[in-house]
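# need coordinates for the following:
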Amino acid sequence: MTPFSMFRRLVIAGVLVTVVFASVQTKAQEIPDAMLQEALVKEALITFNDANMTGNYEVMRLRTAKPFQDKFTPEDLLGMFKSFGEQDVDIATVAGMDIVEDAAAKVENGVLTLSGHFETSPLRVSYVLDFMVEENDWALIGIDVSAKPVE
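Below you'll find the predicted structure:
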């Protein structure tokens with residue numbers, strides 16, 4: 001299997017944690033403004049990138065919501081993202097790039113979903129990120145990142 005086909009097949013599954021709220025806070029019902037959305041996306045992706053580049057997923061895990069932390073150990077994350085990390089893809093350049101939104105941000109059952117990509121080359125970095133409100137801030141509960149050849 002070529003590295004490019006590995007990238008095409010790279011889908012990070014099983015990371016989404018289903019969260020059921022007995023009561024949904026008002027903030028969790030509102031879609032954050034574009035500036036906060038961008039900050040959430042870039043913070044999550046840079047943290048993910050740092051974990052992949054170092055092989056240490058402890059900081060990434062600590063920056064997620066409690067249900068995510070309860071479900072996954074740093075070793076679990078290392079295993080789930082192993083193929084991405086082995087490809088030695090550094091996606092840090094997204095920090096200074098504009099986001100291309102693939103779908104409008106939405107909040108369902110208290111979960112904020114943001115999806116989009118960055119016009120990087122030779123690989124396009126795409127993502128779907130899920131967040132929940134925890135201690136009055138949005139915290140990551142699901143992550144799906146891929147780096148595929150630009151077509």
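# separation between the nearest residue to residue 145 once chain neighbours are set aside and residue 95?
The shortest distance from residue 145 to any non-neighbouring residue, by Cβ to Cβ, 6 or more residues apart in numbering, is to residue 127 (4.9 Å). All C-beta atoms are positioned from the backbone trio N, CA, C, and that covers glycine. According to Cβ to Cβ, to the nearest Å, residue 127 stands 13 Å off from residue 95.
# contact partners of the host helix or strand of residue 124?
Assigned by DSSP states H and E, residue 124 falls within strand 123-134. For strand 123-134, contacts defined as Cβ atoms under 8 Å, 6 or more residues apart in numbering pick out 7, 16, 19, 25, 27-28, 40-41, 44-45, 65-67, 89, 91, 94, 102, 110-118, 138-150.
# in strands, which of the residues you listed appear?
Here DSSP state E is the test, and these give 102, 111-118, 138-149 as lying in strands.
# in PyMOL, how would I select the buried members of these?
Burial among the ones in strands among the contacts of strand 123-134 is assessed by 16 or more other Cβ atoms under 10 Å; the matching PyMOL selection reads:
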select buried, resi 111+112+113+114+115+116+117+118+138+139+140+141+142+143+144+145+146+147+148
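# any regions of this structure where pLDDT drops low?
Applying pLDDT under 70 to the chain flags the ranges 1-28.
# run the angle between the top helix by length along the chain and strand 137-149 for me.
Longest helix of the chain, by residue count under DSSP state H: helix 34-54. Between the axes of helix 34-54 and strand 137-149, defined by axes from the mean of the first three to the mean of the last three Cα atoms, to 10 degrees, the angle is 60 degrees.
# which positions within helix 34-54 qualify as buried?
37, 40-42, 44-45, 47-49, 51-52.
# that one packs against which elements?
On a contact count with 3 or more Cβ pairs under 8 Å, 6 or more residues apart in numbering; DSSP states H and E, helix 34-54 meets helix 58-62, helix 82-86, strand 111-118, strand 123-134, strand 137-149.
# between strand 123-134 and it, find me the angle.
Using the same axes, to 10 degrees, helix 34-54 lies at 110 degrees relative to strand 123-134.
# starting at the chain centroid, how far to helix 34-54?
Centroid displacement of helix 34-54 relative to its chain, using Cα atoms, centre = their mean, to the nearest Å, is 7 Å.
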